[in-house]
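Engineer: Generate coordinates for the sequence data below:
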Amino acid sequence: MTRSGRLFILLACLGSLPSPANADWQAVEKVKNYAIAGQSGPELYASIGERGPKLGPTRAIAHTSFKLTWSRKYEPQGDACVLVSALPKLAITYTLPKPAKPLPAGTREHWEAFIDGVHRHEMVHGDFIKDMVKKIEAATVGLTVPADPHCRKIKTEMTKRLGALSNAQRQQSRDFDRAELSDGGKVHQLILNLVNGG
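Structural biologist: Got it, this is the predicted structure:
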């Protein structure tokens, strides 16, 4: 093998290694159901309106929540402080409606199409959350704050960066919901199909 061939293989292998900011981690995702009543599409949707997760003054069909904690390693380097590593622990919970009793065949078919679409919608919110965590890693691992030998100022700087990324994720989720729930949006269509067809 030529020297250039060996170098290419070495570079290809190095390129496949995870970077410190993207160390292996997996979000833990789970579904939590709340019970609804009804044997027809309109009855099921009315029950969602009565029992769905409360978000402010209104109730939602479904909701995605998460818990994020970090294991971070700060190191004084000379007079500065560096965040040398940050490993996230992310748990995402999708809260979805589930009929308390078996449904008649016709209603069941419409319900399954509805809940499959709603679950997929919520999983997009989950993807937004996972993307936010990756952006937090990229924005903070390797962060160096000068004149901070006791690693105090770095935490203030990180809070600023995390706040901006968190606000961006919330806005992204709001924009997505607005599009999906507006007339002709995917979730709006799912609701119409359930209520009118089931």
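Engineer: now the strands: where do they sit in this structure?
Structural biologist: Using DSSP state E, the strands of the chain run over residues 28-36, 54-55, 58-59, 63-77, 80-99, 144-145.
Engineer: closest to H119 out of those?
Structural biologist: H119 lies closest to strand 80-99 among those, at 6.1 Å (Cβ to Cβ). Yep, even glycine has a C-beta here, placed from its N, CA and C like the rest.
Engineer: what inclination does the closest one have with respect to strand 63-77?
Structural biologist: 170 degrees (axes from the mean of the first three to the mean of the last three Cα atoms, to 10 degrees).
Engineer: Name every strand pairing with strand 80-99 and say which way it goes.
Structural biologist: strand 28-36 (parallel), strand 63-77 (antiparallel), strand 144-145 (antiparallel) (DSSP bridges).
Engineer: Tell me which of those lies nearest to F128.
Structural biologist: That would be strand 63-77 among the strands paired with strand 80-99, by Cβ to Cβ, at 8.7 Å.
Engineer: so which of the strands of the chain is the most packed in?
Structural biologist: Stretch with highest mean neighbour count among those: strand 80-99 (a mean of 18; mean count of other Cβ atoms under 10 Å).
Engineer: Surely H121 is in contact with A62?
Structural biologist: Yes. Counting by Cβ atoms under 8 Å, H121 touches A62, with 7.4 Å between them.
Engineer: Pull the number of nearby residues for L44.
Structural biologist: For L44, the neighbour count with other Cβ atoms under 10 Å is 24.
Engineer: For it, which residues are in contact?
Structural biologist: Listed by Cβ atoms under 8 Å, 6 or more residues apart in numbering, the contact set of L44 reads I36, A37, G38, P97, P99, T107, W111, L194, G198.
Engineer: Quick check, M158 in contact with C81.
Structural biologist: No. Using Cβ under 8 Å as the test, M158 is too far from C81 to be in contact (10.5 Å).
Engineer: OK, contacts around K135?
Structural biologist: L165.
Engineer: swap the cut-off to 10 Å and go again
Structural biologist: Counting by Cβ atoms under 10 Å, 6 or more residues apart in numbering, K135 touches R161, L162, A164, L165, S166, A168, Q169.
Engineer: And the pLDDT for it?
Structural biologist: Per-residue pLDDT puts K135 at 96.
Engineer: Roughly how far does A168 sit from L90?
Structural biologist: 17 Å (Cβ to Cβ, to the nearest Å).
Engineer: Actually, K186.
Structural biologist: 26 Å.
Engineer: Distance of the closest residue to E157 other than its chain neighbours relative to M158?
Structural biologist: Excluding its sequence neighbours, the residue lying closest to E157 (Cβ to Cβ, 6 or more residues apart in numbering) is V145, at 5.6 Å. The gap separating V145 from M158 is 9 Å, by Cβ to Cβ.
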